[in-house]
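S.K.: Any chance you could fold what I've pasted below:
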Amino acid sequence: MPPADSVPTLVVFITIDQMRTDYFDRFASQLTGGLARLERGGALFTNAFQDHAITETAPGHATTLSGRFPRHTGIVVNSAGVQDPQSPVIGAPSLNASPFRFRGGTLIDWIRTKDPRSRALSVSRKDRAAILPLGRAHQSVYWYDPTSGRFSTSTYYADTLPEWVRDFNARRIPQSYAGKSWSTLLESGYPEPDSQPVENRGENFTFPHVLPSDTADAVRSLPDFPWMDEVTLQMALTGLRALDLGRGPETDLLAVSLSTTDAVGHRYGSDSRELHDQILRLDRSLGAFLDTLFSIRDSAKIVIALTGDHGVAPTPEVYAARTGATTRRVRTSNVIKPFTEALSARGVDPSAFRYAEGMLIVDRPALERAGFDSDSLVDAFATAVKKIPGVLRADRYPEIASDSLDDPIARRWYHQIPPDLPVELVVTLDKYSVGSGNATGIHGSPYDYDANVPVLFYGPPFVPGRYSRFARVADLAPTLAWITATKPTEKLDGEVLWEAVRVRESRKQKAESSELPRR
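M.R.: As a prediction, this is how the structure comes out:
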């Protein structure tokens, strides 16, 4: 373990929703704030990945501080992420969320096993992005409610909001943006055309973009504007002060997930001028956040880690026009209909043979009780789905594990699915084709453009530089655990990224560490 005097008193963990690693280089000459500071003074792993197949917000955030793939966290898709009718949101009972589906522990659990005085605060615009980095821990977790313009939490964590959250909400910061116009931050330097009708469903796809002047409409629309990240960072700093995190001697955790890049990417695409400007504004907002953080806490006792929960595919229409490649928006959902109709005609609940998110889930006992041959049905479905233009492959899931060492698509599907989830078949689209939908930017595939995200460490324990070795987001938690002199209490999929650690283990310690069970 590291020397006691080098253990940080505060870990700041930043997740940027839909952050691709290539954005650091693409916008490098215009980055002057927090992204620039972290990249130029930190240890950046450029060949790092969310190494699972369904690259969505919930499974990505569940991986970040657990050190484990969706196969082991149990968080497989957004639609089965944090929804929980038993945990209504305070002040908005029609909404609900909790981590009840999450399996195992996370960094804050391991840290508190060592020192129960340690505390954590997690803040995001999205409920799943605030909740899942902390797993099931009963810590301070808050997210934005667009129906009211307030930050809140659910009854899983508390019965009432603390005074500092009520005071922050009373400042009505989101409402203050009503009627504000979003124009480009810089007067020039944007090579992307601002005239792509595919953006934003063909509506209001050129600058400027204006928030509604009505405050109720403005707070609902704010998540699609860069200022949402500013508000989230203000909330995080307010909570840091109120909870007195990072004063020591114990190690505290501040987790912040910034969601606007995802919203802008979905509306306008990764090749848009809006995405370009969003990254520049995020860079400045993070710079102001770091300046304040280091003015109120000792930078020598802080470590910062940054990653993304997933990337995003190029917009098919834009990519095809630029490269001449064949790209498609592919609808595979309708292929299940004749199968479920046949089942219903025989009195079988259609959920016994359901298809979603590229996975065919089969209740074999239910089918066999009704006289169906499960294997024949799965084979027939595979034949049907492979006929759809834009579908690359349909793999029998139980057999895919044998290919996972040499086939990255197979490996990511294997990392995705818990052993107790009865998935029989997984479907992968052609590269650069995406699922059908109205969004301009879409993610969720096992391809590198959806999986490649930054893994970055900043602070005294780390050796600055760029590292090209293969790394995974699952490596973040074990690396931060070692830096904080913390021992994980369960098996992990990730490993310590020793190349970036300034004070490394002795050869004897490394040998002992390598004997720990790993998946």
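
S.K.: May I see the buried residues of stretch 247-257?
M.R.: Within stretch 247-257, the residues that count as buried by 16 or more other Cβ atoms under 10 Å are 250, 251, 252, 253, 254, 255, 256, 257. No exception for glycine: its C-beta is placed from N, CA and C like everyone else's.

S.K.: Quick check: the first one touching residue 118?
M.R.: Yes: taking Cβ atoms under 8 Å as the definition, residue 250 is a contact partner of residue 118 at 4.6 Å.

S.K.: Using TSV, lay out the buried residues of stretch 247-257 together with pLDDT.
M.R.: Listed next are the buried residues of stretch 247-257 as TSV, based on pLDDT from 0 to 100:
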residue	pLDDT
250	97
251	98
252	98
253	99
254	99
255	99
256	99
257	98
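
S.K.: center of the chain, which residue is that?
M.R.: By Cα atoms, centre = their mean, the chain has its centre lying nearest to residue 309, at 2.5 Å.

S.K.: Quick check: chain neighbours aside, which residue is closest to that one?
M.R.: Ranked by Cβ to Cβ, 6 or more residues apart in numbering and with sequence neighbours excluded, the top spatial neighbour of residue 309 is residue 60, at 3.0 Å.

S.K.: Which segments of this structure make up each domain?
M.R.: 4-312+448-508, 333-387+391-429 (automatic domain parsing).

S.K.: most packed of the ones you listed?
M.R.: Sort these by mean neighbour count, taking mean count of other Cβ atoms under 10 Å, and domain 4-312+448-508 sits at the top with a mean of 20.

S.K.: can you give me how far that one is from the chain middle?
M.R.: How far domain 4-312+448-508 lies from its chain's middle: 8 Å, per Cα atoms, centre = their mean, to the nearest Å.

S.K.: quick one: terminal-to-terminal distance for stretch 213-233?
M.R.: 23 Å (Cα to Cα, to the nearest Å).

S.K.: which outside residues touch that stretch?
M.R.: Residues outside stretch 213-233 that contact it (Cβ atoms under 8 Å, 6 or more residues apart in numbering) are 123-125, 144, 146-149, 173-175, 177-180, 182, 209, 211-212, 256-260, 263-264, 267, 277-278, 281-282, 285-286, 288-289.

S.K.: same thing but at 6 Å, please
M.R.: 123, 125, 146, 149, 173-175, 177-179, 182, 211-212, 258, 260, 263, 278, 281-282, 285, 289 (Cβ atoms under 6 Å, 6 or more residues apart in numbering).

S.K.: give the contact list for the closest residue to residue 458 other than its chain neighbours.
M.R.: For residue 458, ignoring the flanking residues on the chain, the nearest one in space by Cβ to Cβ, 6+ apart is residue 42 at 3.5 Å. By Cβ under 6 Å, 6+ apart, the contact list for residue 42 reads 456, 457, 458, 464.

S.K.: per-residue confidence for residue 168?
M.R.: According to the predicted model, the pLDDT of residue 168 comes to 98.

S.K.: do the same with residue 5
M.R.: 83.

S.K.: so it sits in a strand?
M.R.: No: per DSSP: H, G, I helix; E, B strand; the rest coil, residue 5 lies outside any strand segment and is helix.

S.K.: quick one on the thing from earlier: please narrow the contacts of stretch 213-233 to those residing in helices.
M.R.: The members of the contacts of stretch 213-233 that map onto helices under DSSP state H are 260, 263, 278, 281, 282, 285, 289.

S.K.: sorry, back to before: output the domains of the chain in TSV; the columns should cover distance to residue 325.
M.R.: Putting the domains of the chain into TSV (distance: least, Cβ to Cβ, whole Å) gives the following:
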stretch	distance to residue 325
domain 4-312+448-508	13
domain 333-387+391-429	13
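
S.K.: Which among the ones you listed is found nearest to residue 435?
M.R.: domain 333-387+391-429 (7.2 Å; Cβ to Cβ).

S.K.: Can you give me the end-to-end span of that closest one?
M.R.: So domain 333-387+391-429: terminal residues 13 Å apart, Cα to Cα.

S.K.: Other residues contacting stretch 364-373?
M.R.: Against stretch 364-373 from outside (Cβ under 6 Å, 6+ apart): 346, 348, 352, 374.

S.K.: And the average pLDDT for that stretch is what?
M.R.: So the average pLDDT for stretch 364-373 ends up being 95.

S.K.: can you check stretch 39-50 too?
M.R.: Per-residue scores along stretch 39-50 average to 98.

S.K.: With stretch 485-495 instead?
M.R.: pLDDT averaged over stretch 485-495 gives 97.

S.K.: OK, contacts around the residue nearest to the centre of the chain?
M.R.: Contacts for residue 309 were tallied using Cβ under 6 Å, 6+ apart; they are 15, 17, 57, 60, 61.

S.K.: Could you tell me which of those residues belong to helices?
M.R.: Counting by DSSP H, the part of these found in helices is 57, 60, 61.

S.K.: I'd like the next helix or strand past the helix or strand hosting residue 72.
M.R.: Element membership for residue 72 (DSSP states H and E) is helix 70-73. Next helix or strand after helix 70-73 toward the C-terminus (DSSP H and E): strand 88-89.

S.K.: hmm, who's touching that following strand?
M.R.: 95, 96, 152, 154, 155.

S.K.: Swap in 8 Å and give it another go.
M.R.: 94, 95, 96, 97, 127, 145, 152, 153, 154, 155.

S.K.: Let me know the closest of those to residue 420.
M.R.: residue 97 (23.1 Å).

S.K.: State the distance from the closest one to residue 106.
M.R.: 17 Å (Cβ to Cβ, to the nearest Å).

S.K.: I'd guessed residue 304 sits against residue 461; true?
M.R.: No: the pair residue 304 / residue 461 is not scored as a contact, 10.8 Å apart, by Cβ under 8 Å.

S.K.: Ramachandran coordinates for the residue nearest to the centre of the chain?
M.R.: Per-residue torsions, residue 309: phi -80, psi -20 (degrees, to the nearest 10).

S.K.: again, but for residue 25
M.R.: Dihedral angles for residue 25 - degrees, to the nearest 10 - are phi -80, psi -40.

S.K.: quick one: contacts for the closest residue to residue 436 other than its chain neighbours?
M.R.: Leaving aside its sequence neighbours, residue 436 sits nearest to residue 331 (Cβ to Cβ, 6+ apart; 4.0 Å). For residue 331, the contact set (Cβ under 8 Å, 6+ apart) comprises 388, 435, 436.

S.K.: Filter those down to the ones in helices?
M.R.: Reading helices off the contacts of residue 331, I find no matches (DSSP H).

S.K.: Tell me which stretches of the stretch 201-350 of the chain form strands.
M.R.: Assigned by DSSP state E, counting those that start in this stretch, the stretch 201-350 of the chain shows strands spanning 209-210, 252-258, 302-308, 329-330.

S.K.: swap in the stretch 401-519 of the chain?
M.R.: With strands called from DSSP E, counting those that start in this stretch, the stretch 401-519 of the chain shows them at 423-429, 434-435, 455-458, 465-467, 471-472.

S.K.: closest one to residue 47 among those strands?
M.R.: strand 471-472 (6.5 Å).

S.K.: pLDDT averaged over the closest one, what's the number?
M.R.: The model assigns strand 471-472 a mean pLDDT of 98.
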